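Novice: one predicted model, sequence on top.
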Amino acid sequence: MQLAFILYKYFPFGGLQRDFLRIALECQRRGHAIRVYTPIWEGEVPSGFEVVVVPVKALFNHKRNEKLTAWVEADLTRRPVDRVIGFNKMPGLDVYYAADGCFEDKAQTLRNPLYRKWGRYKHFADYERAVFAPESKTEILMISEVQQPLFVKHYATPAERFHLLPPGISPDRRAPANAAEIRAEFRCEFKLKDDDLLLVQIGSGFKTKGLDRSLKALAALPRELKNRTRLIAIGQDDPRAFQLLATTLGVSDQVQIMKGRSDIPRFLLGADLLIHPAYNENTGTVLLEALVSGLPVLVTDVCGYAHYIADANAGRVLPSPFSQEQLNRQLADMLADDKARTRWQHNGLSFAESADLYSMPQRAADVILAERR
């Protein structure tokens, strides 16, 4: 078959983007042709992919999205395909990969009622309705079971159109046989002494991921613990506001903020704790990447994959409502307890052996390629 994938932006370090690429590659491996529509493509184009960089621009994102939809519809009329798969909500999809949570629920619970008078609201509400309305034919690939009831609540979407996928952690994220050697080389490279402690926070969108919370927790550590703790944050975002906050808190010398990079497994093996106090997160793939590499995790319960950390007993999950004081206390406790971190490490590695954390691309491809009712 000829398959068309649509997403608003591709760059190598986003969670949605990596999921898209692994699913598209799995479909290609099964013998199907891949065409990709996107206004922005950063990075290498996989062999055999036809990437169409759609020439649309607009002052506002929702206007750009509408232009993209019209352009793609016109191109698909000229060059039809067998399936259209979207990684953002939009009309005309055969399959939607639900990387984002329920927009309508957020609009009603987190926004001022006046927000729903704006054109931006109408656009995103209409695009979400095009996917989830009862009369829609779009099959929905769910990666967070906590979001499905919200879509059903607002749209009465038929249950049979939802397909809950397992996580899709790349097997190369698992701790290799020479993990100790990689860790030692990493810590030497970053000039970390034996008793130094390294926190990592990984993920684009520093504000949503709660980097401000992490910086405050680092600054609140007891003096002796704080003096030997460093934080490295990695992601595609503007770091300036967080660098300023680190300076204000007096921890700038202990904080390093990096752009997205391809050697994340080294950081997971070289660190002592992953901190991820997100404000909201549909899944949180990095939580599982840390788990399967043996890195203990401190995470807020709003993340869709946080329950895996609890299931594996591979760290601690902060309950809602969020409390900065509780985060500060839990971080200090986890960093001070070497034996507990060793136990969480072993638990995570053991869980990685038995749980299905890897088959998402295969299961997604099964739905995409299935015969339509």
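Specialist: Done, it's in. Numbering: from 1, shown residues only.

Novice: any buried residues in stretch 330-342, and which?
Specialist: For stretch 330-342, a neighbour-count test (16 or more other C-beta atoms under 10 Å) marks Gln330, Leu331, Ala332, Met334, Leu335, Arg341 as buried. Where C-beta positions appear, they are placed from N, C-alpha and C, glycine not excepted.

Novice: the first one: what secondary structure?
Specialist: Which is Gln330. For Gln330, the assignment made with DSSP: H, G, I helix; E, B strand; the rest coil gives helix.

Novice: from what I can see it touches Pro319, true?
Specialist: No. With contact defined as C-beta atoms under 8 Å, Gln330 does not reach Pro319; the gap is 10.7 Å.

Novice: thinking again about what came up before, turn the buried residues of stretch 330-342 into TSV, columns for distance to Asn112.
Specialist: Shown next, in TSV, are these (distance: C-beta to C-beta, whole Å):
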residue	distance to Asn112
Gln330	33
Leu331	33
Ala332	37
Met334	38
Leu335	40
Arg341	43
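
Novice: any low-confidence regions in the stretch 251-373 of the chain?
Specialist: Within the stretch 251-373 of the chain, the stretches with pLDDT under 70 are 373.

Novice: for the helix or strand that contains Leu218, C-alpha coordinates in CSV please.
Specialist: Here Leu218, judged by DSSP states H and E, is contained in helix 211-219. Taking C-alpha atoms only, helix 211-219 is exported to CSV below (Å, rounded to 0.1, in the frame of the first residue of the first chain):
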residue,chain,number,x,y,z
LEU,A,211,12.4,22.2,34.9
ASP,A,212,11.6,25.1,37.2
ARG,A,213,10.4,22.6,39.9
SER,A,214,13.6,20.6,39.5
LEU,A,215,15.8,23.7,39.9
LYS,A,216,14.0,24.7,43.1
ALA,A,217,14.3,21.2,44.5
LEU,A,218,18.1,21.2,43.7
ALA,A,219,18.4,24.6,45.5
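
Novice: so what does it touch, helix or strand wise?
Specialist: Contact here means 3 or more C-beta pairs under 8 Å, 6 or more residues apart in numbering; DSSP states H and E; on that basis helix 211-219 packs against strand 197-202, strand 229-234, helix 240-249, helix 324-336.

Novice: tell me which residues are up against it.
Specialist: Defining contact as C-beta atoms under 8 Å, 6 or more residues apart in numbering, one finds that helix 211-219 is touched by 199, 201, 206, 226, 229, 231, 233, 242, 245-246, 249-251, 254-255, 275, 277, 322, 324, 327-328, 331.

Novice: in ChimeraX, how would I select the buried members of these?
Specialist: Applying 16+ other C-beta under 10 Å to the contacts of helix 211-219, the buried members can be selected in ChimeraX as follows:
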select :199,201,206,226,229,231,233,242,245,246,249,251,254,255,275,277,322,327,328,331
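
Novice: got the contact list for Gln326?
Specialist: By C-beta under 8 Å, 6+ apart, the contact set of Gln326 is Leu318.

Novice: before we move on, what about Gly43?
Specialist: Listed by C-beta under 8 Å, 6+ apart, the contact set of Gly43 reads Tyr10, Phe11, Pro12.

Novice: now secondary structure, neighbour count and pLDDT too, for those, in a markdown table please.
Specialist: A markdown table is the format used below for those (DSSP: H, G, I helix; E, B strand; the rest coil; neighbours: other C-beta atoms under 10 Å; pLDDT from 0 to 100):
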| residue | secondary structure | neighbour count | pLDDT |
| --- | --- | --- | --- |
| Tyr10 | strand | 23 | 97 |
| Phe11 | coil | 14 | 93 |
| Pro12 | coil | 14 | 91 |
